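Peer 1: Got a predicted structure plus its sequence, pasted below:
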Amino acid sequence: MPIIENHLLRLLPIDDRNRLLSRCQQVELVPAETLCQHDSIAKHVYFPQRGLISLIAQDRDHHQLEVGMIGAEGALGAQLALSVPMEPLHALVQAPGSAWRIGAAPFLGELSHSKALQSALHHYLYVLMTQYATTAVCLQFHLLDERLACRLLMHQDRARSGNFYVTHETLAQMLGVRRVSITVAAGELQRSGLIEYRRGWLTILDRPRLEACACSCYAVNRRIYSEMLGAGEALPIGQAAGH
């Protein structure tokens, strides 16, 4: 039996899960890989095992902003559970890992046979809506150092490592600020002993203090997920990842 690290899959009754997995293939998540484009027709659904997928909104001038993240707690393509075939956002792999992938058509077939899968995805879509809403509030009202701390914690949760590769340029694009602003904010976190940053590699040195520094959005997203889908051992959100 394969090891199942995706929390949504682990919520399913074993017969439903095994039937779904029999129609999936395991694929690697490669950093900088685009999994889908905004307004394209969904071809696949991904259930990440490890890794991080950024959900990115983009305007006509190609300005980008990260509005959500998907890791082992969720699924990319969940809007198909609402009979919506269009991809709402751009999806880009930010941290390497793997995922179970299933074609859109066979996924819809499995969805029609599994009330548990329907329920899990409907609850998860509510979680994503909360992520989008907290991102909007965060962008307007929270300080950059708080937002950066929140983003690094969310990255660690999904990468399941306190040491990961991420550039200041990428963080600036995801948070919608200038690169120099990220350099200043990250420098302050480093001087405070919360992180260490060398040549693109970031290490979280003191997670409890980083959580204290983060804006309230981090705790809100964790709480909503727990209320909607539970916080079992498979759930990466809020777990102390290894350094």
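Peer 2: Good, I have the coordinates. Residues are numbered from 1 along each chain as shown.
Peer 1: Report the contact partners of Met174.
Peer 2: Contact analysis of Met174 by CB atoms under 8 Å, 6 or more residues apart in numbering lists 54, 56, 64-66, 151. (Glycine included, C-beta is placed from N, CA and C.)
Peer 1: Can I get these in a markdown table including distance to Val27?
Peer 2: What follows is these, written out as a markdown table (distance: CB to CB, whole Å):
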| residue | distance to Val27 |
| --- | --- |
| Ser54 | 17 |
| Ile56 | 20 |
| Gln64 | 24 |
| Leu65 | 27 |
| Glu66 | 22 |
| Arg151 | 26 |
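Peer 1: Out of the residues you listed, which one has the weakest pLDDT?
Peer 2: Within the set of those, pLDDT is lowest for Gln64 (88).
Peer 1: Pull the number of nearby residues for it.
Peer 2: A count of neighbours around Gln64, defined by other CB atoms under 10 Å, yields 15.
Peer 1: From the contacts of Met174, pick the one nearest Ala120.
Peer 2: Ser54 (22.2 Å; CB to CB).
Peer 1: now, which of the contacts of Met174 sits nearest Leu76?
Peer 2: Comparing those against Leu76 with CB to CB picks out Ser54 as the nearest, at 10.5 Å.
Peer 1: and the closest one, what element?
Peer 2: Here Ser54 sits within strand 44-58, counting by DSSP states H and E.
Peer 1: Which elements pack onto that strand?
Peer 2: strand 25-29, strand 34-36, strand 64-70, strand 90-103, helix 104-113, helix 144-159 (3 or more CB pairs under 8 Å, 6 or more residues apart in numbering; DSSP states H and E).
Peer 1: list the buried ones in it?
Peer 2: 44-57 (16 or more other CB atoms under 10 Å).
Peer 1: For this structure, which residues score under the pLDDT cut-off?
Peer 2: By pLDDT under 70, the low-scoring segments of the chain are 1, 231-243.
Peer 1: Kindly list the longest helix within it.
Peer 2: helix 115-141 (DSSP state H).
Peer 1: what's the spacing between Leu29 and Arg147?
Peer 2: 25 Å (CB to CB, to the nearest Å).
Peer 1: and if you look at Gln49?
Peer 2: 28 Å.
Peer 1: Now the two most distant members of the buried residues of strand 44-58.
Peer 2: Farthest pair in the buried residues of strand 44-58, by CB to CB: Gln49 and Ala57, 25.8 Å.
Peer 1: helix, strand or coil for the residue lying closest to Gln79 once chain neighbours are set aside?
Peer 2: The shortest distance from Gln79 to any non-neighbouring residue, by CB to CB, 6 or more residues apart in numbering, is to Pro88 (6.1 Å). Reduced to three states with DSSP: H, G, I helix; E, B strand; the rest coil, the structure at Pro88 is coil.
Peer 1: same question, Ala212
Peer 2: Classified using three-state DSSP, Ala212 is helix.
Peer 1: just use 242 as the starting number from now, easier for me
Peer 2: That works, and once the first residue is 242, the last one we named lands at Ala453.
Peer 1: give me the number of residues near it?
Peer 2: 10.
Peer 1: mind listing what it touches?
Peer 2: Applying CB under 8 Å, 6+ apart, no residues qualify as near Ala453.
Peer 1: Report the separation between it and Tyr367.
Peer 2: In this view, Ala453 and Tyr367 are 28 Å apart by CB to CB.
Peer 1: Also Ala413?
Peer 2: 30 Å.
Peer 1: Those two: which has the busier surroundings?
Peer 2: Between Ala413 and Tyr367, counted using other CB under 10 Å, Ala413 has the larger neighbour count: 18 against 15.
Peer 1: All good on my end, thank you.
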